[in-house]
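Chemist: Have a look at this prediction, sequence included:
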Amino acid sequence: MTAKTAIVILLSAVFLYQPALAVDSTPSGKEAKIATREASLRAKLAQFKNRNKAQIAERINTNLNKINQNRTSQMLRHLEKMSMILDKLEQRVNAGAAIAEARASIASASAAVQAQAQNDYTITVTSESRIRTDIQQIRLKLHEDLQAIRKQVIDAKQSVANAIREGRASGTE
């Protein structure tokens, strides 16, 4: 393949798979970086001899980012529910220190979840023969990151439970 052919493939991949860039004229730095990484991935996948392997890799790449998005939005919904529970508890009982601690725990977990939602899990292809290990590495990284965030959400939930217990123990319910 000549250099001219490679450039044509790269440009066609960018224009065919990135129509949203034409609508949004000022993408942020993070979005532009993600778009560049996805265009690079598609260009490398276009060079694969095994079309089936390339399609599977592209589908997995899409799914990994979708999983991250779905899990983080679900965690944010749980944190919002916990915050509403604390609001109701605060109206009913006087457990100030426990509620403040629980709110701080929710705030830190929420910040961590929002940071996780911004992460990009685009596959970095080294070669056609190593695509499987490349995918496994990125999948493992996603799994480890989500587990760490999940632990923070669980800790926030436990602090809310402690605030509820303290409120009940104070007897002013």
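Modeler: Structure's in. What do you need? Residues are numbered from 1 along each chain as shown.
Chemist: how about Ala156, secondary structure?
Modeler: Assigned with DSSP: H, G, I helix; E, B strand; the rest coil, Ala156 falls in the helix class.
Chemist: Which strands or helices does the strand or helix carrying Ile60 pack on?
Modeler: Of the helices and strands defined by DSSP states H and E, Ile60 is found in helix 51-92. Under the contact definition 3 or more C-beta pairs under 8 Å, 6 or more residues apart in numbering; DSSP states H and E, helix 51-92 sits against helix 29-46, helix 96-117, helix 131-170. The way it works is simple: take the backbone N, C-alpha and C, and place the C-beta from them, glycine included.
Chemist: Using CSV, lay out these together with mean pLDDT, distance to Gln69 and mean neighbour count.
Modeler: Formatted as CSV, the helices and strands packed on helix 51-92 follow (pLDDT from 0 to 100; distance: least, C-beta to C-beta, whole Å; neighbours: other C-beta atoms under 10 Å):
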stretch, mean pLDDT, distance to Gln69, mean neighbour count
helix 29-46, 69, 12, 16
helix 96-117, 92, 7, 17
helix 131-170, 92, 11, 16
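Chemist: Thanks a lot, see you next time.
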